[in-house]
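> Sequence first, predicted coordinates after that:
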Amino acid sequence: MTDVTETVFYLALGSNQGDRESHLERALMQLHAAPGVRLVKVSSVYETAPVGKTDQPVFLNMAVKGCTVLSPEELLDETQRIESEGGRMREELWGPRTIDLDILLFGTERKATNRLSIPHPRLSERAFVLIPLAEVEPDLTIDSLGSISELIERSADKDSVVKKSVLAWGEELRGN
Ligand SMILES: Nc1ncnc2c1ncn2[C@@H]1O[C@H](COP(=O)(O)OP(=O)(O)OP(=O)(O)O)[C@@H](O)[C@H]1O
Ligand SMILES: Nc1nc2c(c(=O)[nH]1)N=C(CO)CN2
């Protein structure tokens, strides 16, 4: 039997256009169905005020933990395919989107190429990413950046991240 090593990864998901919960749910199902990818744990859904470009609708955000035999670039191929199939248009930096999937962490990988930076460059400053991530991995420490609870404490948007709901689809993965 071939020994296939899996790597743990964490993704952030966001939506602020159309039926936001359906976009998140569909993306989760597609991720779970992607060859070589399995989801291990999903967070609740949080309603969050837009950061960066503030004159746009409020977001729903969540985070997932998964395992994969894919490389980081192959995982990005999958997340970008899911974004395209979810009707995502790449129109405006930080602008509204039906579905956005960002790779936050991928094992111990550190890289910064034109196509992919890991850890995600803005991970440590965004409460809309950190608070859902802390729900799936409360004891996470992000290299030199610090513990996830310290990062949340320092983040400017922590008071505008409000737990809203739990997706029916992810329920069975929540207690893992
Ligand atoms: N860790 C990563 N996860 C996802 N995309 C990444 C990552 N690192 C670099 N990218 C690149 O970033 C590009 C732009 O991504 P995207 O349009 O989702 O940005 P954004 O969501 O508007 O902004 P932000 O990156 O601040 O969340 C993608 O085409 C992708 O190649
Ligand atoms: N609250 C919130 N703000 C954002 C988000 C997001 O997902 N949630 N995504 C952005 C670009 O990735 C820019 N600003």
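Good, I have the coordinates. Owing to the predicted nature of the structure, the values given are computational and were not obtained by experimental measurement. Numbers count the residues shown, from 1 in each chain. Ligands and ions are numbered 1, 2, ... in the order given.

> Which of the three states applies to Asp55?
At Asp55, secondary structure determined by DSSP: H, G, I helix; E, B strand; the rest coil is coil.

> So which elements touch the worst-scoring helix or strand of the chain on mean pLDDT?
The least trusted helix or strand in the chain, going by mean pLDDT, DSSP states H and E, turns out to be strand 141-142, with a mean of 86. With contacts taken as 3 or more Cβ pairs under 8 Å, 6 or more residues apart in numbering; DSSP states H and E, strand 141-142 sits against helix 148-154. From N, CA and C alone the C-beta is placed, and that goes for glycine too.

> Quick one: mean pLDDT over the helix it packs on.
Averaging pLDDT along helix 148-154 gives 94.

> Which other helices and strands does the following helix or strand past that helix contact?
Next along the chain after helix 148-154, taking DSSP states H and E as the criterion, comes strand 161-165. If you count contacts as 3+ Cβ pairs under 8 Å, 6+ apart, strand 161-165 packs onto strand 45-48, helix 127-136.

> And the last one, what does it pack against?
Under the contact definition 3+ Cβ pairs under 8 Å, 6+ apart, helix 127-136 sits against strand 7-15, strand 45-48, strand 59-68, strand 100-106, helix 148-154, strand 161-165.
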